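# structure, please.
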Amino acid sequence: MSLNNPVWQQLHETALKAPSSSGVYMWRNPQGTVIYVGKAKNLKNRLSSYFAANKDIKTRLLVSNAQSIEYITTANEYEAFLLENNLIKKYSPRYNIDLKDGKSYPVIRITKEEFPRLFKTRYVIQDGSTYYGPFPDVAALDSFIDALYRIYPIRLCKKFKKRDAPCMYYHIGRCKAPCCEKISKESYSEFFGEIYELLEGKGEQTIEKITQEMKHAAAEMNFEKAARLRDGLSALSRLQNQNVVEDFSQEDRDYIAHYREGELVSFTVLKIRGGKMQGRDNYRVTSLNEDNELLPEFMSAYYTDSSEIPPSIYVPTQEGLDFMSRWIKETFNIEANIILVTDSIENAPRHKAAIEMTIQNAKEDIVRRLRERGDTPAMQELKEILHLPTLPVRIEGFDIAHIGGKLPVASLISFYNGNPDKKNYRYFRLKTTDGIIDDFNSMREATSRRYTRLVNEGSELPDLIMIDGGIGQVNAVDGVLKSLGLDIPIVGLAKRDEELYLPHNPTPILVPKRSDGLRLLQRVRDETHRFATTQNQKLRTKFNTQNVFKEITGVGEKRAVILLKKYVTLEDLCAASPSEISEVLNIEQTLAESILNEASGLLKAQNEAKEKAKHSLGASGTTWQKAASTQYTIDLADEALNAADDEPDYDAEDEDV
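Presented below is the predicted three-dimensional model:
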């Protein structure tokens, strides 16, 4: 298939926009037939690899015969492994290995007997036995079962019968010989109580027991036993993944959930039939209904055939569903239980994991829909609400993050066509407000540096600027833009009541909570906050691992640590006397005086740079034309604001993608 072929380009775009989570993907031909099923730890990376150069002939053949790609996200790679197996058996894809033998993965069976037995099997018999699994990693399962046998002295014989004398396993400490009444039923049951907890992911005490046994074996130089226990723990960690793709409940059931963005709603239905997931259906709708009306509306449209209605339907909310069981009974003459997934229901962890998987798939479909349509309705609504001259295709948002005024950072994020444009994210290490809490001046500095640079470079300006804050922050930014002769619309989004503020208008604009325009601004605001917080955390980490006192001549690594513990800041050091510093560092008075003088010089330079930057921002009435002729803008962006630090506004390593 040619690189210029529209189908190839569409497939490639689908791959590039896939999520980075684990899951299963299906290639379909022009007739809609599944021709290949695969699993991936990272869907985006795996699908993108199909379009790399110099692929082998079978990969090129697959892509050339494909028309579309569909994928299902899972909670982990283990679930993807099992789901892939189920879907291959269901669809028998042309380019997959033929699984006609129907071979299943092994499970752990614990028999229902007075003194139970534990073993591996591939066959499930409905005789009251308890089953755990399935486990695709057979080696890990064998290692885990072997570890259990060595930790717990449980019976290994296939048939239990009374004996007069115990077998060899009793004499070597591998069995307590319940056949000879060497152990009571209650004591024997305690072993399986711990084993049940291990297999259900609750066995922290049992894990600790195995760990201590391993350490004890190592201390006794019994390294062979310690290695066996180590391998058993490692196998357990591989077995303890939550699996919602396949279980031993033969009850047919559906899991239904939805995700919405404004009027866009996506429903996902996970179908479990015969204990195995048979597939996932996504349904896209537009609705202005309240959330509690969406599920009943969908279910009444989805269930139209009595043969498709399972005995149980699991949902994340009960709102509006009280009458649905009655409707199904009266319409189809079927008893169907609609079950709210809570912690109190039987097998709650499994059902909660399935519902979360359902919601995640619905959310991923919403993300795809927003990408496909470019969120034009939201931009159109913003244009009308804010009386903008053009559609806000490019929106830039700002937010400030600091800890008590320390290490302030301004984030700049960019949305294009209603979606994040991460290659145009920037952050600013603020100089004029370091050490003080002043959101207004912080916004002035960040926007001044940003738009001074764009003016000087002749770069494209945004259609709308969104400020995370109220009227004060908006007016501060408006003053900066006017000084540069720019007329870019500004809107502030106040977090408390989600009100919109325009410059010099204290009366906020109130929009409906379901507004597409408000939703888009909230997405921009949330992204600015996330990015600002991320950069502030990075600076804090960097600051906490650096020591400003090492910049002083005569102060090495050890002395810098002593000064940091004693004084913390340059201000506190400069307030100390030479004699005190001499005593703290155990040095001569003359060297202490030299250290104090250099520290005072460093502090003075920092304060002068801060004041110079503040003075630059305080100059009012400067148009961008005058600035261009007097080089004021260059001074503002490159000298005044960056005098104290040569750190660039943005480094590719700091992009949080």
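# wait, is F119 part of a strand?
Yes - counting by DSSP: H, G, I helix; E, B strand; the rest coil, F119 is part of a strand.
# who's in contact with it?
Residues in contact with F119 (Cβ atoms under 8 Å, 6 or more residues apart in numbering) are I108, R109, I145. Just so you know, the C-beta spots here come from the backbone N, C-alpha and C atoms, and that holds for glycine as well.
# 7 Å - rerun?
Taking Cβ atoms under 7 Å, 6 or more residues apart in numbering, we find F119 in contact with R109.
# please name the bridge partners of it.
R109 (DSSP bridges).
# those helices in the stretch 51-200 of the chain, which residues are they?
For the stretch 51-200 of the chain, the helices defined by DSSP state H, counting those that start in this stretch occupy 57-64, 77-91, 138-151, 168-171, 185-199.
# of those, which stretch is the most buried?
Comparing the helices of the stretch 51-200 of the chain by mean neighbour count (mean count of other Cβ atoms under 10 Å), helix 77-91 comes out on top with a mean of 21.
# now I172: phi and psi?
Per-residue torsions, I172: phi -100, psi 10 (degrees, to the nearest 10).
# over to L602?
Dihedral pair for L602: phi -60, psi -40, per degrees, to the nearest 10.
# that one: neighbour count?
Around L602 there are 16 other residues, counting by other Cβ atoms under 10 Å.
# contacting residues around it?
L602 sits next to E551, L570 when contact means Cβ under 7 Å, 6+ apart.
# mind checking pLDDT for it?
For L602, the pLDDT comes out at 86.
# do the same with D463
94.
# let me know whether it touches P392 as I believe.
Yes - between D463 and P392 there is a contact under Cβ atoms under 7 Å: 4.4 Å.
# who's more crowded, those two?
Between D463 and P392, counted using other Cβ under 10 Å, P392 has the larger neighbour count: 27 against 20.
# just checking, S411 touches F531?
Yes - taking Cβ under 7 Å as the definition, S411 is a contact partner of F531 at 4.1 Å.
# identify all contacting residues around stretch 156-175.
E113, F115, Y149, P153, I154, R155, A177, C179, C180, K182.
# give me the common contacts of S411 and F531.
Common neighbours of S411 and F531 (Cβ under 7 Å, 6+ apart) are Y427.
# just the buried ones among the contacts of stretch 156-175, please.
The neighbour-count test (16 or more other Cβ atoms under 10 Å) marks F115, Y149, P153, I154, R155, A177, C179 as buried among these.
# and the helices of the stretch 51-200 of the chain as a markdown table, adding distance to D572 and mean pLDDT?
Formatted as a markdown table, the helices of the stretch 51-200 of the chain follow (distance: least, Cβ to Cβ, whole Å; pLDDT from 0 to 100):
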| stretch | distance to D572 | mean pLDDT |
| --- | --- | --- |
| helix 57-64 | 64 | 75 |
| helix 77-91 | 52 | 76 |
| helix 138-151 | 57 | 78 |
| helix 168-171 | 71 | 84 |
| helix 185-199 | 54 | 79 |
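# would you turn those into a markdown table with distance to G32?
A markdown table is the format used below for the helices of the stretch 51-200 of the chain (distance: least, Cβ to Cβ, whole Å):
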| stretch | distance to G32 |
| --- | --- |
| helix 57-64 | 16 |
| helix 77-91 | 11 |
| helix 138-151 | 35 |
| helix 168-171 | 58 |
| helix 185-199 | 41 |
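# how near is L520 to V265?
17 Å (Cβ to Cβ, to the nearest Å).
# try K352
In terms of Cβ to Cβ, K352 sits 22 Å off from V265.
# of these two, who's got more company?
Set side by side, K352 and V265 show more neighbours around V265, with 24 against 18, by other Cβ under 10 Å.
# what sits opposite M466 in the beta ladder?
Going by DSSP bridges, M466 is paired in beta bridges with G397, V491.
# how about it, what does it touch?
I395, G397, V491, L493, L521, V524, R525.
# now, which of those lie within strands?
Residues from these lying in strands, with DSSP state E as the criterion: I395, G397, V491, L493.
# okay if I get these as JSON lines plus neighbour count and pLDDT?
What follows is these, written out as JSON lines (neighbours: other Cβ atoms under 10 Å; pLDDT from 0 to 100):
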{"residue": "I395", "neighbour count": "25", "pLDDT": "96"}
{"residue": "G397", "neighbour count": "27", "pLDDT": "95"}
{"residue": "V491", "neighbour count": "24", "pLDDT": "95"}
{"residue": "L493", "neighbour count": "22", "pLDDT": "92"}
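# of those, closest to D305?
Nearest to D305 out of those is I395 (Cβ to Cβ; 45.6 Å).
# thought that closest one was touching P462?
Yes - using Cβ under 7 Å, I395 is in contact with P462, at 6.2 Å.
# give me the distance between the nearest residue to V561 once chain neighbours are set aside and R369.
Nearest in space to V561, with sequence neighbours left out and distances taken as Cβ to Cβ, 6 or more residues apart in numbering, is N547 at 7.0 Å. Shown here: N547 relative to R369, a distance of 51 Å by Cβ to Cβ.
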